[in-house]
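**Student:** Quick one: sequence plus predicted model below, questions after.
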Amino acid sequence: MNRIFFGDTRDLFKFDLVRHVMKAFPDLASFTFVPMLTEEEKAVGPKKTAAKDLGMALKKGKAGTENHDLMVDMGHLQEIDDDLGYFTAIKSYFRKENIIVDVLHKDTFSHEHRENYFKEVFENFPEKSLIFLDPDTGLEVKNPTQRHLLFNEVTKIYNHMDNTSLLMIYQHIPRVVRPGYIKKRCKEIAAITHSRPETITDNEIVFFILTKNPQFKTRLCAVLGDYADKYSVLSACDCT
């Protein structure tokens with residue numbers, strides 16, 4: 001993720017989805033956030049105001065807009081410039097929802113130091129948790145940068161995860177045929193984890209969610225389907 005996008009409509013989607021999944025899986029003890037926060041990039045044009053950005057999301061029926069409390073908090077997040085304030089605000093929102101949040105790594109993420117970054121993640125690895133990996137762009141491409149999550153990192157994290165947890169990965173969708181792209185990424189994830197992810201997308205971003213728990217996996221598609229039913233812009237479980 002990148003600082004210039006604090007509190008945008010994608011944050012709205014991701015954190016409302018996290019809330020929905022956590023409420024649907026009371027077995028989970030915590031939400032573990034791995035932000036992969038990169039250095040700030042120059043914004044193209046003026047930054048949108050909270051009212052304009054979130055107002056447009058409401059008009060379009062974007063994911064998360066039915067969550068009034070989160071909409072208000074996202075507006076406040078767009079006014080925050082420092083990392084500590086951002087993470088404190090995220091924790092504050094989920095505290096109101098009685099959800100425990102652990103931000104595993106608050107330091108800046110870089111391509112050169114990714115090994116040390118994930119080493120620290122593994123030193124404090126949770127159990128019974130929704131673990132969310134939030135790279136700027138998503139999974140690796142031919143020439144990956146700090147904006148990407150590498151396949152070998154996904155494999156290590158998945159292998160390290162216990163069977164009472166979920167793993168959620170953020171992915172930006174490029175300007176390609178959406179269903180074909182999502183299925184391609186699903187196959188890549190399945191090849192490195194030997195587990196087919198479930199998905200939910202608004203055709204701009206997609207979240208891949210994996211678990212080692214057969215009972216969780218059976219429930220997961222229904223949980224995502226219930227969430228997708230709330231917003232016409234969403235579709236779920238597109239990996240097949």
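**Tutor:** Everything's here; your move.
**Student:** distance of the closest residue to E39 other than its chain neighbours from F208?
**Tutor:** Excluding its sequence neighbours, the residue lying closest to E39 (CB to CB, 6 or more residues apart in numbering) is T108, at 6.1 Å. All C-beta spots, glycine's among them, are computed from the backbone N, C-alpha and C. Here T108 is placed at a distance of 24 Å from F208 (CB to CB, to the nearest Å).
**Student:** For the protein, which segments count as strands?
**Tutor:** All strands of the chain, identified by DSSP state E, fall at 30-34, 101-103, 129-133, 138-139, 148-149, 166-172, 198-201, 205-211, 235-236.
**Student:** what residues does the last one touch?
**Tutor:** Among residues not part of strand 235-236, those counted as contacts by CB atoms under 8 Å, 6 or more residues apart in numbering are E198, T199, I200, T201, N203, C221, L224, G225, Y227, A228.
**Student:** And for the fifth one, the neighbour number?
**Tutor:** By that I understand N203. 12 (other CB atoms under 10 Å).
**Student:** From N98, how far out is the residue nearest the centre of the chain?
**Tutor:** Nearest residue to the geometric centre of the chain (CA atoms, centre = their mean): Y170, 4.4 Å. Note on Y170: its distance to N98, by CB to CB, is 24 Å.
**Student:** can you check D238 too?
**Tutor:** 31 Å.
**Student:** of the two, who's got more company?
**Tutor:** D238 (16 against 8).
**Student:** Cross-check the contact I'm expecting between the more buried one and T201.
**Tutor:** Yes. Between D238 and T201 there is a contact at 6.6 Å, judged by CB atoms under 8 Å.
**Student:** can you list residues touching both of the two?
**Tutor:** Shared contacts of D238 and T201, counting by CB under 8 Å, 6+ apart, come down to I182.
**Student:** When T108 and F208 are compared, which one has more neighbours?
**Tutor:** Neighbours were counted for T108 and for F208 using other CB under 10 Å; F208 has more, 26 against 16.
**Student:** burial of the nearest residue to K183 once chain neighbours are set aside, as a residue count?
**Tutor:** What sits nearest to K183 in space, not counting adjacent residues and going by CB to CB, 6+ apart, is C239, at 6.5 Å. Neighbourhood size, C239 [other CB under 10 Å]: 18.
**Student:** Check K156 too.
**Tutor:** 15.
**Student:** Which residue comes closest to it once chain neighbours are left out?
**Tutor:** Nearest non-adjacent residue to K156 (CB to CB, 6+ apart): F118, at 7.1 Å.
**Student:** Show me how far the helix or strand bottoming out on mean pLDDT in the chain is from its chain's centre.
**Tutor:** When each helix and strand of the chain is scored by mean pLDDT, DSSP states H and E, helix 50-60 comes last, with a mean of 78. Its chain's C-alpha centre lies 20 Å from the corresponding centre of helix 50-60 when counted by CA atoms, centre = their mean, to the nearest Å.
**Student:** So which residues of this protein form helices?
**Tutor:** Using DSSP state H, the helices assigned to the chain run over residues 9-24, 50-60, 68-77, 83-96, 114-123, 151-160, 178-193, 214-228.
**Student:** Of those helices, which shows the lowest average pLDDT?
**Tutor:** Looking at these, the lowest mean pLDDT belongs to helix 50-60 (a mean of 78).
**Student:** contact partners of that helix?
**Tutor:** 7-9, 12, 64-65, 71, 74-76, 78-79, 233.
**Student:** relative to helix 9-24, how tilted is that helix?
**Tutor:** Taking axes from the mean of the first three to the mean of the last three CA atoms, to 10 degrees, one finds helix 50-60 and helix 9-24 inclined to each other by 60 degrees.
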